[in-house]
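Participant: Take a look and give me a structure for this.
(2 chains)
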Protein chains: 2
Amino acid sequence: MKVRVLVSFKDSILDPQGKTVEHSLHTLGYDFVDEVRQGKVFELELKGISREKAEKIIPEIADKVLANPIIEKFSFEIMD
Amino acid sequence: MKVRVLVSFKDSILDPQGKTVEHSLHTLGYDFVDEVRQGKVFELELKGISREKAEKIIPEIADKVLANPIIEKFSFEIMD
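Facilitator: Predicted structure coming up:
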């Protein structure tokens, strides 16, 4: 089973990497880019686990290892 | 218009960050995690541009700025 976990800063947290990309795009003439936020994506391949258990355990893994819950939020989707 | 661009190493490229996360998860007892690959996600807010133009220009932006096409691949989805 393939799971995709997206981790990004909470909306209230400044995102300097995203801002840097935003400025680069403006410098290159891509004026229609209004805002850029950058985050991390994790693609996990899981074996021998039910979809139901995965839905319970992925938030646990995200909170413990993949994201810093104080400043980051996460979402996940089960791909297959 | 909100666009999400996912950038990750090509499958043939070693991903040490992903491997580190994988080992951490195994150490914590999450044995059902078979493989982890880590990448970047960019969420772009675009203004005053048609969906058609966005579909043309996002790959250009990804190739030029967001990804290193020699070692990375990207995919994108238009969210709204």
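Participant: Up against chain B, what does chain A have?
Facilitator: A:6, A:8, A:18, A:21, A:24-25, A:28, A:30, A:32-49, A:57, A:61, A:64-66 (CB under 8 Å from any CB of the partner chain). Quick note: C-beta positions are derived from backbone N, CA and C, even for glycine.
Participant: Now restrict these to buried residues only.
Facilitator: Buried members of the residues of chain A next to chain B, scored by 16 or more other CB atoms under 10 Å in any protein chain shown, are A:6, A:8, A:18, A:21, A:24-25, A:30, A:32-33, A:36-44, A:46, A:49, A:57, A:61, A:65-66.
Participant: per-residue confidence averaged over the helix or strand where A:His23 lies?
Facilitator: Assigned by DSSP states H and E, A:His23 belongs to helix A:16-27. What helix A:16-27 shows for mean pLDDT is 97.
Participant: Sheet partners, orientation included, of the helix or strand that comes right after that helix?
Facilitator: With elements assigned by DSSP H and E, the helix or strand that comes after helix A:16-27 is strand A:33-46. Paired neighbours of strand A:33-46 in the sheet (DSSP bridges): strand A:2-9 (antiparallel), strand B:33-46 (antiparallel).
Participant: Mind checking what helix or strand follows the last one in sequence?
Facilitator: Right, the one you point to is strand B:33-46. Next along from strand B:33-46, by DSSP H and E: helix B:51-61.
Participant: how far off strand B:2-9 does the next helix or strand after that next one point, in degrees?
Facilitator: Remark: after helix B:51-61, the chain's next helix or strand is strand B:72-78, criterion DSSP H and E. Relative orientation of strand B:72-78 versus strand B:2-9 (axes from the mean of the first three to the mean of the last three CA atoms, to 10 degrees): 160 degrees.
Participant: Buried ones in strand B:72-78, by neighbour count?
Facilitator: Buried residues in strand B:72-78 (16+ other CB under 10 Å): B:72, B:74, B:76.
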